[in-house]
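[1] this is the structure alone, sequence omitted:
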């Protein structure tokens, strides 16, 4: 205890005496447990605790978010170097892969749509008019030496000839490095997306270098599930990591019917990049999310769970890569984050976490010009970084941003009617 | 099954045949459990499930957020009728109470600071210069007949003469109606806030009508905890509800030392509004939050947990009012929300929830003009409302809002150094 803390304690004792004179007596039966201590114990204290305080010690990395390695704020920085045709909707870049470092530079792969028109919906789609933002797309790649300025290098995976898997569109790629070779996994569309839903399996291309050339296998490597199963129609957002000596490929599927579509994340495991992949028998392994970002963390796998589900906008952790629990609540999360994960392919059992990556902003440009752009995010989800600025749970938006969320006319009407009813009763 | 679903199933079977030809065989051992079904079961299916899917059914109101009565988006509307002296920092309104309906109108009480200068910190505080935004404040009230336009009615609880509790400042009031009388609970400062921390107990005033006059008891009704306990220095944000026949007063305390202050919520229970209040032996009952908004919900109590802690920005539920668990993850939550809670004081055991209230925006005006304003929020946390527009987990902010969160110079420098190191190794 420092001198100033001694002094503070002395003053507080005097003050407590004054309060005692003023106060109604506090009632605390003699058999009550001791009150919870003023200095938050680092380990769970041995005394009866509420469910919330039990959980604070049992569920989280640390009882405070400031030292919770799986809590972070996010910062966003606009990229330079990529052209979007004046944001007229004809060029989209979205769904970045993980970033890797090779040949003295960073690489990222992404869905690139360059069409004569913006997306026009499934009914209006043709061989050249896209239905969705990821229809009629290819996998392109870019490189960077600073992580902020990116130079587009060209196509990695073009659409193959019909009827090969992906002939309609190849999108939402992610990268795996395995025994000196590189593998790009991606959604291979065999039909216009949006007809029934957003239906596709996953295909893969192989290269000896991140610069390519990439050879498509023309095979479905992660197939849709059997009829009636949650993943019967779509395997989205393939995300491979090397874990416990095997390729762990996480994916999303959409299930249920519109307008109550459910999104969850599954896991498929293989001994070799070309499969066969075995779907985990406990799928889905994450009950929420979309375009999930994952990375090795300590002995397990961590995930950034976004957009949908009861557990959207959380970071989760599974010590076994399968049984995830919520590790923190986060705000303004990166969508479809493709982080730089130094130990993504090292089969680590002491994952160190991530500090940055690329993500995307979608639905920009307004009607008739819809497109998406890539953006950089930074965060502190790393055991090797201690950035207090990023352990801040307040996002500090001005009132104007809150006022954007306007009540609609129906809500205004409902409120007016309810007000009348309530105030009449209260009169 | 509708005709169109029959047709879809037929087409899918044909498609599945095609995929079978293209695909590497999926490996699914015969003893695997059946895959999770395509239509999300409303009740937990009897098959082995991942931890996440177990939790989806065990922990939440509903397995989807769209039908989760404790999930909501929030809408914000600027209030009219309240003057802020050109937002020069001399007038603050913050920390609204719950809204009640009486005498044909809505009432709200709040902290009002009207000082000759904006807050200047504890060291510069005098008898007329405030230390913090809630120093040298009074409890005022306003009324409304539509919930959007509010007319300030005057002071409800002025600062009492020294040395009565609250002589330095009275702030952060909340309202209780009990057996035909009204009780305002508030923070009663006996010193300048910010000297050690933000130290105060809770005091109470009584009236026969929400219009007053209010009679202060000049007693501490919820005292600080004993020395060394988590709530030894402060009882903040008193929030009374009638539950299980007693007054359940939830409160916040700050504990631990700067800059690692911890915030959590406690509960004190009394048979009568003037006490004695017994602190719950399992306190703290909520491990996160700040200015917590609570309301009766079904047989228990629900809470909007904001700003701080591992479980900030969540809605929580305790079927016994004590043992809270996370019921949803929410974004852009109202700070210090004071909702209209029709059954706050009816001792209900079937709480119906809330749809709107007032909250505040703080730290506006920039240096030298710091102040806070009241704002209206709307939401669907009610069993009596089904507003799909408010069951949306995406908040749709434009890129510009994300770009506000800039990297600072130290972060830029750290990133540049790390980039150099990483790319050298990868070369």
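    Here it is on my side, so go on. Keep in mind that what you see is a predicted model, and the values were worked out from it rather than measured.
[2] hmm, the lengthiest strand in chain A in reach of chain B?
    In chain A, with assignment by DSSP state E, the single longest strand is strand A:351-364. Yes: contact of strand A:351-364 with chain B (CB under 8 Å from any CB of the partner chain) involves A:355, A:356, A:361, A:364. Yep, even glycine has a C-beta here, placed from its N, CA and C like the rest.
[3] among those, name the buried ones.
    Among the residues of strand A:351-364 next to chain B, those classed as buried by neighbour count (16 or more other CB atoms under 10 Å in any protein chain shown) are A:355, A:356, A:361, A:364.
[4] residues in contact with the nearest residue to the last one once chain neighbours are set aside?
    Right, residue A:364. Take residue A:364 and drop its neighbours on the chain: the residue closest to it by CB to CB, 6 or more residues apart in numbering or on different chains is residue A:371, 5.8 Å away. Each residue near residue A:371 by CB atoms under 8 Å, 6 or more residues apart in numbering or on different chains is listed here: A:84, A:87, A:89, A:90, A:91, A:92, A:113, A:118, A:133, A:364, A:365.
[5] equivalent analysis for residue A:173, please.
    By CB under 8 Å, 6+ apart, the contact list for residue A:173 reads A:95, A:97, A:109, A:110, A:111, A:139, A:156, A:157, A:184, A:185, A:186, A:238.
[6] any part of the host helix or strand of residue A:57 near chain B?
    Assigned by DSSP states H and E, residue A:57 belongs to helix A:51-58. Yes: using CB under 8 Å from any CB, helix A:51-58 reaches chain B at A:51, A:52, A:53, A:55, A:56.
[7] identify the residues contacting that helix?
    Helix A:51-58 has contacts (CB under 8 Å, 6+ apart) with A:36, A:43-44, A:63, B:264, B:282, B:284-288, B:310-311, B:316, B:318, B:322-325.
[8] quick one: the buried ones among the residues of strand A:351-364 next to chain B as CSV, columns for pLDDT too.
    Listed next are those as CSV, based on pLDDT from 0 to 100:
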residue, pLDDT
A:355, 98
A:356, 98
A:361, 98
A:364, 96
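[9] check the residues you listed and tell me the two furthest apart.
    Spatial extent of those (CB to CB) is set by the pair A:355 and A:364 at 26.1 Å.
[10] would you map out the domains in chain A?
    As recorded under automatic domain parsing, the domains making up chain A are A:3-62, A:75-398.
[11] give me whichever of those domains is most buried.
    Ranked by mean neighbour count, the domains of chain A are led by domain A:75-398 with a mean of 21 (mean count of other CB atoms under 10 Å in any protein chain shown).
[12] show me how far that one is from its chain's centre.
    Centroid separation for domain A:75-398 versus its chain: 9 Å, with CA atoms, centre = their mean, to the nearest Å.
[13] ends of that domain, what's the gap?
    End-to-end distance for domain A:75-398, by CA to CA, to the nearest Å: 16 Å.
[14] helix, strand or coil for residue A:316?
    strand (DSSP: H, G, I helix; E, B strand; the rest coil).
[15] wait, doesn't residue A:251 sit right on residue A:264?
    No: judged on CB atoms under 8 Å, residue A:251 makes no contact with residue A:264 at a distance of 10.0 Å.
[16] that's a helix at residue A:419, yeah?
    Yes: judged by three-state DSSP, residue A:419 forms part of a helix.
[17] who's in contact with it?
    So, once contact is read as CB under 8 Å, 6+ apart, residue A:419 ends up touching B:145, B:146, B:147.
[18] if we go to 10 Å?
    Residue A:419 makes contact with B:101, B:105, B:106, B:144, B:145, B:146, B:147, B:148, B:340, B:356, according to CB atoms under 10 Å, 6 or more residues apart in numbering or on different chains.
[19] so residue A:407 sits right up against residue A:415, yeah?
    Yes: contact criterion CB atoms under 10 Å: residue A:407 and residue A:415 qualify, at 7.2 Å.
[20] what's the overlap in contacts for the two?
    Common neighbours of residue A:407 and residue A:415 are listed as B:77, B:148, B:356, B:376, B:378 (criterion: CB under 10 Å, 6+ apart).
[21] closest one of the residues you listed to residue B:176?
    Checking the shared contacts of residue A:407 and residue A:415 against residue B:176 with CB to CB, the nearest one is residue B:356 at 20.0 Å.
[22] what strand or helix carries the closest residue to that closest one other than its chain neighbours?
    Of all residues not flanking residue B:356 in the chain, residue B:378 sits nearest, at 4.6 Å (CB to CB, 6+ apart). Per DSSP H and E, residue B:378 falls inside strand B:371-382.
[23] so the helix or strand following that strand, near chain A or not?
    Using DSSP H and E, the next helix or strand after strand B:371-382 towards the C-terminus is helix B:399-403. Yes: Helix B:399-403 comes into contact with chain A (CB under 10 Å from any CB of the partner chain), by way of B:399, B:400, B:401, B:402, B:403.
[24] I'd guessed the fourth one sits against residue A:77; true?
    Yes: under the contact definition of CB under 10 Å, residue B:402 touches residue A:77, with a separation of 9.3 Å.
[25] pull up the overlap in contacts between those two.
    By the contact definition CB under 10 Å, 6+ apart, residue B:402 and residue A:77 are jointly contacted by A:375, A:377.
[26] sorry, back to before: lowest average confidence across the domains of chain A, which one?
    Ranked by mean pLDDT, those end with domain A:3-62 in last place, scoring a mean of 70.
[27] quick one on the thing from earlier: just give me the closest of the residues of strand A:351-364 next to chain B to chain B.
    Taking CB to the nearest CB as the measure, residue A:361 is the one of the residues of strand A:351-364 next to chain B closest to chain B, at 4.9 Å.
[28] report the contact partners of that closest one.
    A:76, A:78, A:94, A:334-336, A:371-375, B:397-399, B:402-403 are the contacts of residue A:361 under CB under 10 Å, 6+ apart.
[29] go again using 7 Å as the cut-off
    Residues in contact with residue A:361, defined by CB atoms under 7 Å, 6 or more residues apart in numbering or on different chains, are A:372, A:373, A:375, B:399.
[30] who's in contact with the nearest residue to the first one once chain neighbours are set aside?
    In space, and not counting its chain neighbours, residue A:372 is closest to residue A:94: 3.8 Å by CB to CB, 6+ apart. For residue A:94, the contact set (CB under 7 Å, 6+ apart) comprises A:110, A:111, A:133, A:134, A:336, A:360, A:362, A:372.
[31] check residue A:360 too.
    Contact analysis of residue A:360 by CB under 7 Å, 6+ apart lists A:94, A:95, A:96, A:335, A:336, A:372, A:373, A:374, A:375.
[32] and what of residue A:390?
    Contacts for residue A:390 (CB under 7 Å, 6+ apart) come out as A:72, A:73, A:379, A:380.
[33] between those residues, which sits nearest chain B?
    Closest to chain B out of these is residue A:73 (7.2 Å), distances taken as CB to the nearest CB.
[34] quick one: the helices in chain A?
    A:3-22, A:51-58, A:399-403, A:409-425 (DSSP state H).
[35] on that earlier part again, from the contacts of residue A:173, pick the one nearest residue B:128.
    residue A:95 (58.6 Å).
[36] so the closest one makes contact with residue A:112?
    No: with contacts counted by CB atoms under 7 Å, residue A:95 stays clear of residue A:112, the gap being 9.8 Å.
[37] can you list the residues of the stretch 51-200 of chain A near chain B?
    Selection of the stretch 51-200 of chain A residues close to chain B by CB under 7 Å from any CB of the partner chain yields A:51-53, A:55-56, A:60, A:64-66, A:68, A:71, A:74-78, A:101-105, A:145-147, A:165, A:196.
[38] related to what we said a few turns ago, and which of the contacts of residue A:371 is nearest chain B?
    Chain B lies nearest to residue A:364 out of these, by CB to the nearest CB, at 7.1 Å.
[39] tell me how far that closest one lies from residue A:89.
    Distance, residue A:364 to residue A:89, using CB to CB, to the nearest Å: 9 Å.
[40] go on, residue A:190?
    For residue A:190, the distance to residue A:89 equals 25 Å [CB to CB].
[41] one more: residue A:260?
    Per CB to CB, residue A:260 is found 29 Å from residue A:89.
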